[in-house]
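Student: Take this sequence and fold it.
(2 chains, ligands or ions: 3)
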Amino acid sequence: MNLPAKPNESNAAVQNLHSDAYDWTNQCVKCGYCLPACPTYESMGVESASPRGRINLVKMAAEGKIDFQKDLAEPIDLCLGCRACETACPVGVPYGHILEAAKEAIENSPSANQKNKMTKIKKLALVHLFPYPKRMNRIGSAVQLYQKTGLSRLIRSSNVLQKVSPALAHLEQALPAIEPSSKRIRTGTIMPAKGETKLKVAFFTGCIMDSMMSRINRLTIELLTLAGCEVILPENQNCCGALHSHQGEIKQAKALAKRNIQAFMQTDADVIVNNAGGCGASLLEYGHLLADDHEWAGAARVFSEKSKDISQILHQLGPLPFTEEWQGIVSYQDSCHLRNVQKVQKEPRLLLQSIPGVTYVEMEGFDRCCASGGIYNLLHFDESMKILDEKMKNLKETKATTVVTVNPGCQMQMSIGIQREGAANQMKSLHLVEILAKVCGLD
Amino acid sequence: MEKEALVDLCQVIPGDRMFLDLAERYCYSYDASFGEYLPEVVIQPKNAEEISEVVKLANTHKIPVYPRGSGTSLSGGPLPVKGGMVLDMTLLRDKLIIDRENMLAIVSPGVITADIHKKAEEAGLFYPPDPSSSNVATIGGNLLENSSGPKGLKYGTTKEYVIGLEVVTPTGEIIRTGGKTVKNVTGYDLTRLIVGSEGTLGIVTEAIIRLIPKPQSKQTFVAHFNHLIDSGHAITSILSSGILPSALELMDNACIRAVESYRPSGLPLQAEAILIIEIDGHPLAIEEEINKCADICRAEGASYVKIAETEDERQTIWSARKSVSPAITQMGPTKISEDATVPRSQIPAMMERLNNIREKYGLNLVVFGHAGDGNLHPNIITDKRNITEMKKVELAVSEIFEAAIELGGTLSGEHGIGTLKSPYMEMELGITGVNMMKKIKEAWDPNNILNPGKIFPDKGQTRVVLVT
Ligand SMILES: Cc1cc2nc3c(=O)[nH]c(=O)nc-3n(C[C@H](O)[C@H](O)[C@H](O)COP(=O)(O)OP(=O)(O)OC[C@H]3O[C@@H](n4cnc5c(N)ncnc54)[C@H](O)[C@@H]3O)c2cc1C
Ligand code: SF4
Ligand code: SF4
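Tutor: Ligands and ions are numbered 1, 2, ... in the order given. The predicted model follows:
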């Protein structure tokens, strides 16, 4: 292959963009089939906010025609990473890989030194927070305290957050009520199946799920045991690394992946289950992430093959022993990473439709990203809200009283959407596990 | 571009719809053909008045203007080959009115064609032109390229359906052509002149489109042939039997193999050709016609014939045809997609010629297309970074055009001339023919500012240059 001219930005990440990623961008035939699938193209209306445009810009950067920082960084940063474009692409351009390589190259390009490499908050969270379960738990407890003491009500009524940052204010309101840490099921535990053991699974707790949404984790475990799983919670597991690779911090993502592989491979579980679309996608891609690492590649592949979403397992072992009915119309918002990367679409729907009493109505544009996109809604608040408001219009048409998701980010984003619509009295947003647990009499 | 021109443009177009930064400009430097030309500025106008102002300024400052829809052109249509400005028309999409009584649609040029299909069908009507890019391409782009697809055989191309336009002329006036009546013989037919003019004679800002009643139902069947020549005879026999299918598609052996290795679905690897035939109309009539077509195929030597009984089976038949494009791009990163078209009686002869070209140059050449109307798509799959092979491709492409014209056909059935076929215009039309067209262009666009570098070759250019 002819290397494009002028790779003067020479370090490993930039070099990588000049080899693999450059070849990937060359697979794009610019047919534009991905354009209608892209939420940012729809909301922003410029080619640089489209998959085809972004792929071409990465190619231009690799060819030395544009600058990583000055020209490439912003269009790449504005991508949600929802990967709907990948599903739409007839020739299978691996957009996700191109995006990751671009982010890594942008973070590491020499011209990045003059710029602030990562915003301070991002760096703080990525490097010092998410990788450490204990620190995350402490935050969880702090938020719980904050909610319990009534401080949250005070802050809400004073509107002070709104003035500091509308993005944070929205997020604060969307935070679920956090359970006291005494209810949390600790790692290292093994929960026996209720009744016959049909499957041995190891549960991936996730960092945000574990700290902020421990209730959903607890319910997940209870549902799994109810469905006939022995559930192992491997010790020493940690953050999946998705946020890191999405922000171009590949080195750290790899380190986290290795720690997880080690933790899970020590168990004899048949399946590794997770309940967050975004994490699941990154677990599924460990095989790719570590493909070049001789020592780890094999184990990573096995790990990825064993990874499954909670909906797949519950559907496989179903039907669930329902004890209650659920009244009203339910609609489902796909998690992009579950749908487009893990390719899981029907299981959550079938589970919802199997609930006694539920009227299931599909919303227009269900497959379109809600624009929570990791921390996109914090970094690009206005853009994110534009996309979300479109979604809420479609959701309202279904007349649903419950909208269900399979990812914490999406679930919070839908809560934000409901608040923005002033519809909190008519509608709520739930994680799939919450609604299933309720009708199975868990909770 | 001079500063003065930019300052003037800023008076007309607000900053958030005018782009000068490198990244944004690179995003409008390509279409789905290849070739990369960097515009100096990209503008996203919102209405005819803005466009009129911009075009007037362009005339004053002599800046080329390149209208662009979704950039799916396969012939280089919207590429800013002489720099200047790209007018991204995709924001003009506010109007999509279905007038049921008059069986018309009134549309803005940036509306996506598939949305017109959808809206028309909701009203029980039908807009037949269906290029395979219809989910992406704009109706403006379709109009200016005179696009069509499988349904062209029975229903004709886009131009058959456009009866009125609002146009900004190359000198910046806003005019209307045609109107809302299906019959209209008042003066020259400027509507037809502009449709298919590839954005060289005017910028379309609104179109009135004729719709027809939606066919009640359709049926599909597939036939496999061990000999290409037999499939050719089957095509001519069907068409001369008084049946007009709504689609009659062909895939050659190279296509079949490509599709089968991309997504195995039990296609016959030994077959030299597959025909896919669809008939629409009244359920009773199509029942009879489809059986008759199947009989004809058997009589002409088809080794296998299957009529789809269910919608699922129908989709399976079509999915093979729809996989062709993705399947062949797995064979290499550069796809040169031609649409040389011959009278349908000459299809077997054309296939023969294409076979010879494939062997002579040792290229990855596959053929599929809308056989019913003689519109073949020979596709050469290569890698544009492989300079030696690209030089062979240039020669092969020239020979494909020569073959089509010698057989009484044309350079382009639907993709347009753009930059890629302009060198061959004289071959088809003769010097005088091309000159007549040039005179029209000069009269409409005295400063040559609208989409210059397209359709007409540069002086002395006789062959496409793919790599330099
Ligand atoms: C995968 C694929 C499949 C395709 N299949 C088909 C097919 O089946 N049949 C077919 O006919 N074509 C096909 N095409 C070609 C292409 O989609 C058509 O030519 C389409 O009409 C282009 O529309 P666009 O909106 O992308 O226009 P563009 O590519 O942006 O522009 C096309 C031309 O129109 C001009 N133009 C655009 N808008 C305006 C306007 N408002 N006023 C004046 N000039 C304007 C441009 O200057 C240019 O010359 C295919 C392309 C791809 C990539
Ligand atoms: S659909 Fe795929 S090949 Fe087509 S433009 Fe998008 S990424 Fe490129
Ligand atoms: S990942 Fe999502 S937002 Fe990003 S380019 Fe693809 S479709 Fe658009």
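
Student: what's A:Met191 in contact with, if anything?
Tutor: A:185, A:221, A:224-225, A:230-233 (CB atoms under 8 Å, 6 or more residues apart in numbering or on different chains). C-beta here means a position set from N, CA and C on the backbone, and glycine is covered the same way.

Student: Phi, psi for the closest residue to it other than its chain neighbours please.
Tutor: Here the nearest residue to A:Met191 in space, its sequence neighbours aside, is A:Val231; by CB to CB, 6 or more residues apart in numbering or on different chains that works out to 4.3 Å. Dihedral angles of A:Val231 (phi, psi; degrees, to the nearest 10) stand at phi -110, psi 120.

Student: Would you mind naming the residues that bridge with A:Val231?
Tutor: With DSSP bridges as the criterion, A:Val231 is bridged to A:Met191, A:Val201.

Student: okay, now the closest residue to ligand 3 within the stretch 101-250 of chain A: neighbour count?
Tutor: Closest residue of the stretch 101-250 of chain A to ligand 3, CB to the nearest ligand atom: A:His246 (10.5 Å). Neighbourhood size, A:His246 [other CB atoms under 10 Å in any protein chain shown]: 23.

Student: Likewise for the one 10 residues further on?
Tutor: A:Leu256 sits with 26 neighbouring residues when counted by other CB under 10 Å.

Student: Next: A:Thr225.
Tutor: Neighbourhood size, A:Thr225 [other CB under 10 Å]: 19.

Student: Which residues of chain A lie near ligand 3?
Tutor: A:37-40, A:51, A:54, A:79-85, A:95, A:369 (CB under 6 Å from any ligand atom).

Student: Out of the residues you listed, which is nearest to ligand 2?
Tutor: Taking CB to the nearest ligand atom as the measure, ligand 2 lies nearest A:Pro51 of the residues of chain A next to ligand 3, at 5.1 Å.

Student: Let me know how buried the closest one is, in neighbour terms.
Tutor: Neighbours of A:Pro51 (other CB under 10 Å): 28.

Student: give me every residue that touches the residue lying closest to it once chain neighbours are set aside.
Tutor: In this structure, A:Pro51 finds its nearest non-sequential neighbour in A:Cys85, 3.5 Å apart by CB to CB, 6+ apart. By CB under 8 Å, 6+ apart, A:Cys85 lies in contact with A:34, A:37-38, A:51, A:95.

Student: Check chain A for its longest helix and report it.
Tutor: If you go by DSSP state H, chain A has its longest helix at helix A:381-398.

Student: Mean confidence (pLDDT) on the helix or strand following that helix, please.
Tutor: Per DSSP states H and E, the first helix or strand lying C-terminal to helix A:381-398 is strand A:402-405. Across strand A:402-405, pLDDT averages out at 95.

Student: what helices or strands is whichever helix or strand comes after strand A:402-405 leaning on?
Tutor: Per DSSP H and E, the first helix or strand lying C-terminal to strand A:402-405 is helix A:408-420. Secondary-structure packing of helix A:408-420 (3 or more CB pairs under 8 Å, 6 or more residues apart in numbering or on different chains; DSSP states H and E): helix A:166-174, helix A:207-212, helix A:381-398, strand A:402-405, strand A:428-431.

Student: quick revisit: out of the residues of chain A next to ligand 3, list just those in strands.
Tutor: Here DSSP state E is the test, and the residues of chain A next to ligand 3 give no hits in strands at all.

Student: Need the max-distance pair from those.
Tutor: With distances taken as CB to CB, the most widely separated pair in the residues of chain A next to ligand 3 is A:Arg54 and A:Cys369, at 14.7 Å.

Student: Residue of the stretch 251-400 of chain A closest to ligand 3, please.
Tutor: Relative to ligand 3, the nearest point of the stretch 251-400 of chain A is A:Cys369 (6.0 Å; CB to the nearest ligand atom).

Student: I'd like to know which of the contacts of A:Cys85 is nearest to chain B.
Tutor: Sorting the contacts of A:Cys85 by distance to chain B puts A:Cys34 at the head of the list, at 8.6 Å, by CB to the nearest CB.

Student: what's around that closest one, how many residues?
Tutor: Residues near A:Cys34, counting by other CB under 10 Å, number 26.

Student: Now do it, the pLDDT please.
Tutor: For A:Cys34, pLDDT reads 96.

Student: Likewise for A:Pro408?
Tutor: 84.

Student: Next one: it from ligand 2, what distance?
Tutor: A:Pro408 is 29 Å from ligand 2, where distance means CB to the nearest ligand atom, to the nearest Å.

Student: my guess is that residue contacts A:Asn217, does it?
Tutor: No: checked against CB atoms under 8 Å, the pair A:Pro408 and A:Asn217 is beyond contact range at 10.1 Å.

Student: follow-up on the earlier one: please narrow the residues of chain A next to ligand 3 to those residing in helices.
Tutor: Counting by DSSP H, the residues of chain A next to ligand 3 place A:39-40, A:51, A:54, A:84-85, A:95 in helices.
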